[in-house]
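J.: Pasting the sequence and the predicted model now:
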Amino acid sequence: MRLDALTLEILRNYLQGAVEGMAYVVERTAYTTFVKETADFTCGLLNPSGEFFAYPVELGVASFGGISYAETLEAVGPLEPGDIVITNDPYGSAAAATHLPDIHLIKPIFWEDRLVAYGAGFLHSSDVGGMVPASITPRASEIFQEGLRLPPKKLFKRGEVNRDLLDVILANCRIPEQNWGDLQALVAGLTTGERRMHELIRRFGPDTVDKAMDDLIDYATRKVEALIRRMPAGRYEFSDYIEDDVVTKIPIRLKVALTIGDGEIHLDFTGSDIQVSSALNVPTAGKVHPFMSVALVNYFATRDRTIPLNAGVLRRVRMTLPEGSVVNPKFPAACGVRYATVLRIYDAVLGALALAVPEDIPAASGGQGCMVALSLPDPEAGRRHVTVIEPMIGGGGGRPARDGVDGCDASLGFLKTTPAETLEAEVPIVVRRFHLIPDSAGPGAVSRWLRRAPGLPGLPAGGPGNRARDGAAALRALGRGGRQRRCDRQRDAEPGDRRRAGDPEDRRARARARRRAQRPHTGRRRPRRSLHAPARPRARRRSVRAGLARARARSVRGRPRRRPGGRAGHGGAARRAIRRRVGACRHRRGVRLRNVAPRARAPLAAGAAGRIHRPADVATGAVSRLCAAHALRPRRSDRRRASGDAERSRSALERAARCNRAEVTLFQIRRTT
């Protein structure tokens, strides 16, 4: 018999707070930078069967929620109060651990000699021995080269440390003190979970809590099944590649067939390449594994934010993982860099989903992540200082209604950026600069908004950072699926071609698209307005332009004067005209000059030297160039609008920049719809 909805929701929120509290304890007490700052760890609560029924969302790694520890617990045998199991062996734990630096701990939780739950978690150790510092290298050919293997064993027995096992662990790593400190932090987190479970049982009773575990997993299962039933049934195939396997120049093929039907999803990886002689293999033990379905979990959580993250999310997912393949390797294949393959599997599954539900899926993301490790000699300790200092990842792909997220890949978004102050305090380095590289991502052939507009062709994304070997990004940018026939018919069309040559507005759109394609990309292109919104009458646009031109002319003519109800200084009239005529607006690009004295504007505007935006980036009828120098008055020809002839507008902006000596600031606004 299920619990009533009110009681279940109360218990769900309490348990969610408990696992979040466990994670915060680990974060605040850990030793190494990659755990306490980057947050490469997790901890949660397992039911007696070894499945997560409560898992943190706000902190830690989000891709382990579907891990099963059942076979790990069977391997270690009966447990008693105070015991804690340790393992990092992917083959000995049935892929609960996925590479050697991830050290897992499991603690049984008893209530009056009755096993009611487990606390479990892992943390990424910055070094566990092996052929290189940090224990991760793609050139490892066997798992023996990657560090110390720990099959499931008891690190604590009845609350006492197993010193024999601990001495072996610390003797086989380069940073024993830091590793032991991190393990103690994880033990503290599991102890916190045990205490919170005792409080919950004391209040509601063990039987109610036991029912809540199963009901929470069933609740997530029902929610996911409802989402799957709303997806179109069918079989959708997609392939993606890793450029090479390090040992050879042969690409690694990752093929997935996604089948939707009867409230279930089946992921078939038949056709993926065999295991490789490098560390890019992904251990899964041939069973449903969360690493193979990160894209599905993210999709479910995005479509329904009320789904709790627990084992129930994957109950309606089946997998076929051929033995001996790169997604299910045989012992002793190396697997230290397994997440590089997981990131590309993420894109492959996302590509298959894009064929099923194209309106909900973003374009391909950066697709890779690099964990920067640093190893320096430590003369005082007589050993090396090893630190994993920073996860370097790409940006997110363009979303259905907006641009992608800069510097954040959805498949690795749970990892945090390490503060420069922490790095400089703990590692003998100085951070000179940490920034996003301008124009390092593909701008795409057209804006996502243009792509989704009725009548416009879907065009493949282009530019650096776009993986086109198997068409992963291009297929999703094309919006295959519901738009399959239209995109195939118009694939060779020139940019902006709407197939209606007689429409003057279409001819102008094609001309603008051709000019954009001929010049280098210097920033994100944004449409001047949504194409779904009705166009404003031409007379209205002319009246707005005329009013803005008059306001600008008044703002730079003669000496500053105070107008009734206004502020002293140039540019106030232009801003008032913008607010009065254009309506609700939001500012993009340029320098905000509100509440700034006239003489104080020059230093602000001077910072924009050489940053004259392309005319395509300037919104028609909603741009005001504010001159910071009082005596300078732009020529009449310099006040032409950004629409129409883009080349004439470009030359006008350049003349204005020369005239004002880097004191011209573009102040761009965009009308809200």
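T.: Thanks, I have the structure now. Owing to the predicted nature of the structure, the values given are computational and were not obtained by experimental measurement.
J.: what about the strands in the stretch 351-500 of the chain?
T.: In the stretch 351-500 of the chain, the strands defined using DSSP state E, counting those that start in this stretch lie at 369-378, 383-393.
J.: Pretty sure Glu51 is one of the things Asp214 touches, is it not?
T.: No - under the criterion of CB atoms under 8 Å, Asp214 makes no contact with Glu51, lying 9.9 Å away. In short, each C-beta sits where N, CA and C put it, glycine included.
J.: the more surrounded of the two?
T.: Glu51 (22 against 16; other CB atoms under 10 Å).
J.: per-residue confidence for the more buried one?
T.: The score at Glu51 is 96. That number is its pLDDT.
J.: ok, and the closest non-adjacent residue to it?
T.: Nearest non-adjacent residue to Glu51, counting by CB to CB, 6 or more residues apart in numbering: Ala311, 3.8 Å away.
J.: shouldn't the one you found be in contact with Phe52?
T.: Yes - taking contacts as CB under 8 Å, Ala311 lies within contact range of Phe52: 5.2 Å.
J.: Give the intersection of the neighbour lists for those two.
T.: Gly65, Gly66 (CB atoms under 8 Å, 6 or more residues apart in numbering).
J.: who's more crowded, these two?
T.: Neighbour comparison, Ala311 and Phe52: the larger count goes to Phe52, with 29 against 25 (by other CB under 10 Å).
J.: can you list the weak-confidence ranges in this structure?
T.: 441-508, 510, 514-673 (pLDDT under 70).
J.: Can you give the domain ranges for it?
T.: Domain segmentation of the chain under automatic domain parsing yields 5-222, 231-433, 442-519, 538-559+566-671.
J.: didn't Ile242 look like it was pressed against Ile345?
T.: No - counting by CB under 8 Å, Ile242 does not reach Ile345; the two are 9.7 Å apart.
J.: Could you tell me how far Gly82 is located from Asn162?
T.: Look at Gly82 and Asn162: by CB to CB, to the nearest Å, they are 11 Å apart.
J.: Which neighbours do these two have in common?
T.: Phe156.
J.: For those two, work out which one has more neighbours and name it.
T.: For the pair Gly82 and Asn162, the greater number of neighbours falls to Asn162 (17 against 14), based on other CB under 10 Å.
J.: check contacts around that one.
T.: By CB under 8 Å, 6+ apart, the contact list for Asn162 reads Lys153, Lys154, Leu155, Phe156.
J.: Could you pick out the buried ones from those residues?
T.: Taking 16 or more other CB atoms under 10 Å as the criterion, what is buried in the contacts of Asn162 is Lys153, Lys154, Leu155, Phe156.
J.: in the sheet, who's paired with the first one?
T.: When assigned by DSSP bridges, Lys153 has beta-bridge partners Ile86.
J.: Could you tell me which residues make contact with it?
T.: Residues in contact with Lys153, defined by CB under 8 Å, 6+ apart, are Val76, Val85, Ile86, Thr87, Asn162, Leu165.
J.: Farthest pair within these?
T.: Pairwise distances across those peak at 13.4 Å for Thr87 and Asn162 (criterion: CB to CB).
J.: what about the closest residue in space to Ser375 that isn't next to it in sequence, how many residues close to it?
T.: Among residues not flanking Ser375 along the chain, Pro133 sits closest, at 3.6 Å (CB to CB, 6+ apart). Counted with other CB under 10 Å, residues neighbouring Pro133 total 21.
J.: gap between Pro133 and Asp378?
T.: Pro133 is 12 Å from Asp378, by CB to CB.
J.: Mind listing the shared neighbours of these two?
T.: Common neighbours of Pro133 and Asp378, using CB under 8 Å, 6+ apart, are Arg384.
J.: quick one on the thing from earlier: now do the shared contacts for Ile242 and Ile345.
T.: Joint contacts of Ile242 and Ile345 (CB under 8 Å, 6+ apart) are Leu254.
J.: what helices or strands is the helix ranked longest in the chain leaning on?
T.: Longest helix in the chain by number of residues (criterion: DSSP state H): helix 176-204. If you count contacts as 3 or more CB pairs under 8 Å, 6 or more residues apart in numbering; DSSP states H and E, helix 176-204 packs onto helix 5-29, strand 41-46, strand 84-87, strand 102-111, strand 114-124, helix 163-171, helix 206-229.
J.: tell me the most buried of the ones you listed?
T.: Among the helices and strands packed on helix 176-204, ranked by average contacts under mean count of other CB atoms under 10 Å, first place goes to strand 41-46 (a mean of 29).
J.: partners of that strand, with directions?
T.: Partners of strand 41-46 in the sheet, by DSSP bridges, are strand 52-54 (antiparallel), strand 114-124 (antiparallel).
J.: where's the residue nearest to Glu51 relative to Ala352, distance?
T.: Plainly put, Ala311 is 23 Å away from Ala352 if you go by CB to CB.
J.: same thing with Ile228?
T.: 14 Å.
J.: Also Thr418?
T.: Separation of Thr418 from Ala352 (CB to CB): 34 Å.
J.: Between these two, tell me which one has more neighbours.
T.: It is Ala352, of Thr418 and Ala352, that has more neighbours when counted by other CB under 10 Å, with 27 against 24.
J.: Next up, the contacts around the more buried one.
T.: Neighbouring residues of Ala352 by CB under 8 Å, 6+ apart: Tyr236, Glu237, Phe238, Val256, Ala257, Leu258.
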